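> could you look at this predicted model? Sequence included:
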2 protein chains.
Amino acid sequence: MTDGEQTAFEAFCLAGLWPGLGRTVASRLPDARINSPDDVSIDEIAAAAGISRPLVYHYFPGKLSLYEAALKRASEDLAERFTEPHEGPLGARLLRVMHRFFDFVDAHGPGFSALMRGGPAVGSSTTNALVDSVRQIAYEQILSHLEVTDPPARLELVVRSWISLAESTALIWLDGRRIPREELEVQLVHDFAALTAVSAAFDDELRTLLRPVLGGEPADGPFGDLTARLIALAS
Amino acid sequence: MTDGEQTAFEAFCLAGLWPGLGRTVASRLPDARINSPDDVSIDEIAAAAGISRPLVYHYFPGKLSLYEAALKRASEDLAERFTEPHEGPLGARLLRVMHRFFDFVDAHGPGFSALMRGGPAVGSSTTNALVDSVRQIAYEQILSHLEVTDPPARLELVVRSWISLAESTALIWLDGRRIPREELEVQLVHDFAALTAVSAAFDDELRTLLRPVLGGEPADGPFGDLTARLIALAS
């Protein structure tokens, strides 16, 4: 990316999809403008970035391509946060990933909501492909931590549907932020354990597959804590 | 709706969003056309319905309005399926609703996928509002069965995120139908119990709120069955 592209790029960070220097640009526009990328004109982007309108067009033929470029970079940023060393208990690994995921959601709130709820470019094949590629990376990362290479259909379902649960939990959190995010990071780790346990309780293949991995969880980790609390709840 | 509108309407059922007589119309078009409403022309709709192209336009100014009308009717159909008498154990009530939900998904597969994954009208305010209104009806129905009128934030989160889990489970099921749908209907009831239990295990308010409702579940119902299996799994 050239310096010019970089500047134009940062300008577009007012969409909330990319932070850093972009925040400075965003601060020059009224808040209302930041919540909906679709309401922001190329003129405003150019003015906020302190560059000319032709320069914006020089690098990006239109607002959609600018949006898609910002989205691509944000997707790569998000996907990188899923990388976690294969060391230590699974619950603790997942908790660290959830913390980084909420860091992202926290920093890019309006953009994340717009994208997931139907932003300006939603429905375009580029946008759908980007969102799906991030979901796929999350899915493959989880499988690799579970040490599974050829997942049966029921494992694929539980992992993919949990990823969707994490997305919707983040969206609901953004709508008012009425629950501390740290609580939701832990809750999603517990949800993963609970949904996996539900599937494993009814499927021998899944039980056999997951027992060696989940069996090694420490009593004071998030998985162990949940088990103890659920036993107390049932009593 | 007049007879003419009704006919034009049924024609558009080839989008997979509305069954009944629409199926007859759909059967006159190649399968490939049915999977993507966006690929179907007004000419094809008119031809398949056996009415003139001007008549289609007379009732609907464009394909989008036809699509939105079909979507509105499908939304009402789906929302009606959430109505369940307030009688008997909660788990059994939810299981009956899940069965009707999967009936809908089964009958409207391509339309349901297109809508949720980004169909032709996704991102339009009408479409978003319709989808959100169905989610809101589902949410209010569940609260009424839980006998809660003023839900705390944590209860709202768990109910709304479970609704999203049901949507994504249905979408993943549609992609290949590799798991019997009856199994997923039961699984979603179990998932509801598991996610609620996770939240209640860490929140006194939720525990107090849900204990009288969930406490009355029979041992041979879906909730009781899950508890027994989870205890066996943990041992």
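Arrived safely.

> who touches stretch A:133-147?
Contacts of stretch A:133-147 with the rest of the structure, by Cβ atoms under 8 Å, 6 or more residues apart in numbering or on different chains, involve A:75, A:78-79, A:82-84, A:86, A:90, A:93-94, A:97, A:149, A:151, A:155-156, A:159-160, A:163, A:209-210, A:213. For the C-beta atoms, the positions are set from N, CA and C on the backbone; glycine is no exception.

> hmm, I typed the wrong one, I wanted stretch A:187-200.
Taking Cβ under 8 Å, 6+ apart as the rule, stretch A:187-200 contacts A:91, A:94-95, A:98, A:154-155, A:157-158, A:161-162, A:165-166, A:169, A:206-207, A:210, A:214, A:222-223, A:226, B:187, B:190-191, B:194-195, B:197-199, B:201-202, B:226, B:230, B:233.

> can you check the pLDDT for residue A:150?
As predicted, residue A:150 sits at a pLDDT of 93.

> and residue A:34, by the same measure?
Reading off the model, residue A:34 has pLDDT 42.

> equivalent analysis for residue A:37, please.
So residue A:37 comes in at 50 (pLDDT).

> quick one, strands of chain A?
Counting by DSSP state E, one finds no strands in chain A.

> so where's it shaky on pLDDT?
Within chain A, the stretches with pLDDT under 70 are A:1-41, A:45, A:48-51, A:56, A:59-70, A:114-115, A:117-125, A:213-214, A:227-235.

> mind giving me the domain split of it?
The record's domain parsing of chain A by automatic domain parsing lists A:4-65, A:71-234.

> mind listing what's buried in stretch A:100-108?
By 16 or more other Cβ atoms under 10 Å in any protein chain shown, the buried positions in stretch A:100-108 come out as A:100-102, A:104-105, A:107-108.

> show me where chain A has helices.
Using DSSP state H, the helices found in chain A span residues A:3-11, A:22-27, A:31-34, A:42-49, A:53-59, A:63-80, A:90-107, A:109-118, A:125-145, A:153-174, A:181-201, A:204-214, A:222-234.

> so which of those comes closest to residue B:173?
For the helices of chain A, the distance to residue B:173 is smallest for helix A:153-174, at 7.5 Å, taking Cβ to Cβ.

> who does the closest one touch, helix- and strand-wise?
Under the contact criterion of 3 or more Cβ pairs under 8 Å, 6 or more residues apart in numbering or on different chains; DSSP states H and E, helix A:153-174 touches helix A:90-107, helix A:109-118, helix A:125-145, helix A:181-201, helix A:204-214, helix B:153-174.

> among those helices, which is nearest residue B:53?
Per Cβ to Cβ, nearest to residue B:53 of these: helix A:125-145, 28.9 Å.

> the helices and strands packed on helix A:153-174 into CSV, with extra columns for distance to residue A:71?
Output for those, formatted as CSV (distance: least, Cβ to Cβ, whole Å):
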stretch, distance to residue A:71
helix A:90-107, 13
helix A:109-118, 7
helix A:125-145, 6
helix A:181-201, 23
helix A:204-214, 34
helix B:153-174, 21
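
> closest one to residue B:43 among these?
Among the helices and strands packed on helix A:153-174, if distance is taken as Cβ to Cβ, the winner is helix A:125-145, at 24.7 Å.

> which of the residues in the closest one are buried?
A:127, A:130-131, A:134, A:137-139, A:141-143, A:145.

> quick check, nearest of those residues to chain B?
Chain B has its nearest neighbour among those in residue A:127, at 7.9 Å by Cβ to the nearest Cβ.

> hang on, isn't the closest one packed against residue A:75?
No: counting by Cβ atoms under 8 Å, residue A:75 is not a contact partner of residue A:127; they are 9.7 Å apart.

> determine which two of the buried residues of stretch A:100-108 are furthest apart.
Among the buried residues of stretch A:100-108, A:100 and A:108 lie farthest apart (Cβ to Cβ), at 12.6 Å.

> from the contacts of stretch A:187-200, which would you call buried?
A:91, A:94-95, A:98, A:154-155, A:157-158, A:161-162, A:165-166, A:169, A:206, A:210, A:214, A:222-223, A:226, B:187, B:190-191, B:194-195, B:197-199, B:201-202, B:226, B:230.

> if we can go back for a sec, filter the contacts of stretch A:133-147 to the buried ones?
By 16+ other Cβ under 10 Å, those give A:75, A:78-79, A:82, A:84, A:90, A:93-94, A:97, A:151, A:155-156, A:159-160, A:163, A:209-210 as buried.

> for residue A:145, give its distance to residue A:186.
Distance, residue A:145 to residue A:186, by Cβ to Cβ, to the nearest Å: 18 Å.

> which one of the helices and strands packed on helix A:153-174 lies closest to residue A:47?
Of those, nearest to residue A:47 by Cβ to Cβ is helix A:109-118, at 19.7 Å.
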